[in-house]
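# Take a look and give me a structure for this.
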Amino acid sequence: MSKTADPAHAIDKRALRTRNLLAQALMDLGAAQDVDTLEVGALAAQAGIGRSTFYEHFASKDDFLIRSFVNMLNATEAAFAAKYPERADLLPSQALFQHVHEAQDFAVQMARAAIFPRQMAAGEATLRAIVEANLARLKPDWALERRRETAVYVAAGFIGLLRWWMQSGLKQTPERMQEAFARLSESAMAA
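The predicted structure follows:
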């Protein structure tokens, strides 16, 4: 059976499409207003879906905000891993900084939202797993505990820089943020 004729594959494609529409609706609406005041109905309407469809995918607006951020991190890593399988970086940090900068109105609003600390914590956990996997590929001779410690340090450093940058209004360029993160990750790899 081909993938296009496979009903399970079609459901996955529809779910992905719905989630992408909701993510775009969030960025569009969130750039113009306080994220805390956004209502599920407005997000669903902007995405062209019903409220019930939203709740088929997410338990709440907070669940959506957290999972959207985590999904963006995972999708960026997956894209870079596929395109650059032999890359030497621990995270696709430059692409992430650039993405945030391109959506700066939304990023500044998101940094003010009540959910922001929980969103950053979920992102840090996701980044820790990504860094640990990349360290396993790049430093297979390192002990597991060293890879885990390094992953904690690098993920926390990236999230700390991202949080500071967003909360300060993205005054630095993405390139400047990448330079700061590169110093941090280079020190982690050299230690």
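
# buried residues in the helix or strand residue 188 falls within?
Assigned by DSSP states H and E, residue 188 belongs to helix 174-190. Buried positions in helix 174-190, judged by neighbour count with 16 or more other CB atoms under 10 Å: 174, 177, 178, 180, 181, 184, 185, 188. C-beta: built from backbone N, CA, C; applies to glycine.

# ok, residues contacting that helix?
89-91, 93-94, 97-98, 100-101, 139, 150, 153-154, 157-158, 161-162, 165 (CB atoms under 8 Å, 6 or more residues apart in numbering).

# residues contacting residue 33?
By CB under 8 Å, 6+ apart, the neighbours of residue 33 are residue 109.

# Name the SS class of residue 142, please.
Put simply, residue 142 is coil when judged by DSSP: H, G, I helix; E, B strand; the rest coil.

# Now it, what are its backbone angles?
When read as degrees, to the nearest 10, the backbone of residue 142 gives phi -70, psi 150.

# show me where pLDDT drops low in this structure?
1-11, 191 (pLDDT under 70).

# Next, the buried residues of the longest helix out of those in it.
As assigned by DSSP state H, the longest helix anywhere in the chain is helix 7-32. Neighbour counts using 16+ other CB under 10 Å place 18, 19, 21, 22, 23, 25, 26, 27, 29, 30, 31 of helix 7-32 among the buried residues.

# mind saving the C-alpha coords of the helix holding residue 188 as CSV?
Coordinates of each C-alpha in helix 174-190 appear next as CSV, following Å, rounded to 0.1, in the frame of the first residue of the first chain:
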residue,chain,number,x,y,z
PRO,A,174,21.0,36.7,16.0
GLU,A,175,24.7,36.6,15.0
ARG,A,176,25.7,38.1,18.3
MET,A,177,23.6,35.6,20.2
GLN,A,178,25.2,32.8,18.1
GLU,A,179,28.7,34.0,19.0
ALA,A,180,27.8,34.0,22.7
PHE,A,181,26.3,30.4,22.4
ALA,A,182,29.3,29.2,20.4
ARG,A,183,31.7,30.3,23.2
LEU,A,184,29.6,28.5,25.7
SER,A,185,29.4,25.2,23.7
GLU,A,186,33.1,25.4,22.8
SER,A,187,34.0,25.7,26.5
ALA,A,188,31.8,22.7,27.2
MET,A,189,33.5,20.6,24.5
ALA,A,190,37.0,21.6,25.6
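
# what's the spacing between the closest residue to residue 64 other than its chain neighbours and residue 79?
Using CB to CB, 6 or more residues apart in numbering and skipping the chain neighbours, the partner closest in space to residue 64 is residue 58 (4.1 Å). According to CB to CB, to the nearest Å, residue 58 stands 23 Å off from residue 79.

# and the two? which has more neighbours close in?
Using other CB atoms under 10 Å, the more surrounded residue of residue 58 and residue 79 is residue 58, with 19 against 12.
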